[in-house]
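> Make a model of this:
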Amino acid sequence: MTGLLISAVVGALIGLLWPLWFPADSACETTIPDASFSVPTLAMGGTQLPGEEGAAMKICCLTFDDGPSKYTPQVLAALEKCDAKATFFVTAQDANQDYLSYLTDIEAAGHQIALHSASHSYSRIYSSTENFWLDIKALRATLANYIDVDAIHWLRFPGGSTNTVSHRYGGRQIMQQLKAQAEQKGYAWIDWNVCAEDATASHPNAAQILRNVQNDAKDQPICVVLMHDTNATHETVKALPDILEWFAAKGYHFFTVQQMAE
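Numbers count the residues shown, from 1 in each chain. Purely as a prediction, here's the structure:
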């Protein structure tokens, strides 16, 4: 991506895409320990989205939250088959411990690794800004056993940057505080504007996951797709080849989040 692409500010896209970034009937409800909530939005901090010049090149950023998992090798195989790069927002929960060695495979394949959460416990990480950053510190310490964490400068807030479930634990201002602190600490963060809804309580099958992606993506010039790489989202693995084929057929180019911002 060229410097010209970077220089086009997010405002140009906001005017074009605002109705699609905040669709009234397109909830992305994710099963979490505390509650379900909707965050159908795309927002970034610490950097800029490509604007009108970027819109001329259709961009798809495939992102996977909550991995690695036992399905990570299959995800990587599907991506390799289509020569597509993706971004993995990883965690270090108990369910991940047996699969953390896959981090080296993700990195070796040229994908981006970014931070999500060590615990993914909303009541813990959003109880205070201090506890959020302690959780990130713990995640970095775990990841350091496998990869160079000093090279990681991106994160995704569990639930997204505008989630409201955090309010019950840390107050109504906690997300604004965390976003400001993230930039002060040198982190860029990103949400999404396309949700596969693959981690919902309804447990959608592969065909429904594909439809969810298609319905949200429509023909947006930039699609940041939220999917999950967990031991419970095996249908995502089944849907991924068709998702890749659909975006490619519509003329999208696959980038990591970092590549999109460069």
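
> Strands of the protein, residue ranges please.
Ranges of strands in the chain, per DSSP state E, are 44-45, 59-65, 86-91, 112-117, 154-155, 188-190, 194-195, 222-228, 253-254.

> what does the fourth one rub up against?
Going back to what we said before, that points to strand 112-117. 65-66, 85-91, 103, 106-107, 125, 135-136, 139-140, 143, 147, 152, 154-156, 158, 187, 256-259 (Cβ atoms under 8 Å, 6 or more residues apart in numbering). To be clear about C-beta, it is placed using only N, CA and C from the backbone, and glycine gets the same treatment.

> Same list, the strands of the chain, but as a markdown table with mean pLDDT and distance to Leu76 please.
A markdown table is the format used below for the strands of the chain (pLDDT from 0 to 100; distance: least, Cβ to Cβ, whole Å):
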| stretch | mean pLDDT | distance to Leu76 |
| --- | --- | --- |
| strand 44-45 | 68 | 25 |
| strand 59-65 | 98 | 10 |
| strand 86-91 | 99 | 9 |
| strand 112-117 | 99 | 12 |
| strand 154-155 | 98 | 19 |
| strand 188-190 | 96 | 21 |
| strand 194-195 | 97 | 21 |
| strand 222-228 | 97 | 13 |
| strand 253-254 | 98 | 14 |
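
> Out of those, which one sits most buried?
Between the strands of the chain, strand 194-195 has the highest mean count of neighbours, a mean of 29, where neighbours are mean count of other Cβ atoms under 10 Å.

> partner strands of that strand, parallel or antiparallel?
Paired neighbours of strand 194-195 in the sheet (DSSP bridges): strand 222-228 (parallel).

> For the partner strand, C-alpha coordinates in PDB please.
Output of strand 222-228 as PDB, limited to C-alpha atoms (Å, rounded to 0.1, in the frame of the first residue of the first chain):
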ATOM      1  CA  ILE A 222     -13.100  -2.400   2.700                       C
ATOM      2  CA  CYS A 223     -14.300  -5.400   4.600                       C
ATOM      3  CA  VAL A 224     -12.800  -6.300   8.000                       C
ATOM      4  CA  VAL A 225     -14.300  -9.700   8.700                       C
ATOM      5  CA  LEU A 226     -14.700 -11.100  12.200                       C
ATOM      6  CA  MET A 227     -14.400 -14.800  12.500                       C
ATOM      7  CA  HIS A 228     -13.300 -17.100  15.300                       C
END
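
> gap between that strand and the chain center?
Between the centre of strand 222-228 and the centre of its chain there are 6 Å (Cα atoms, centre = their mean, to the nearest Å).
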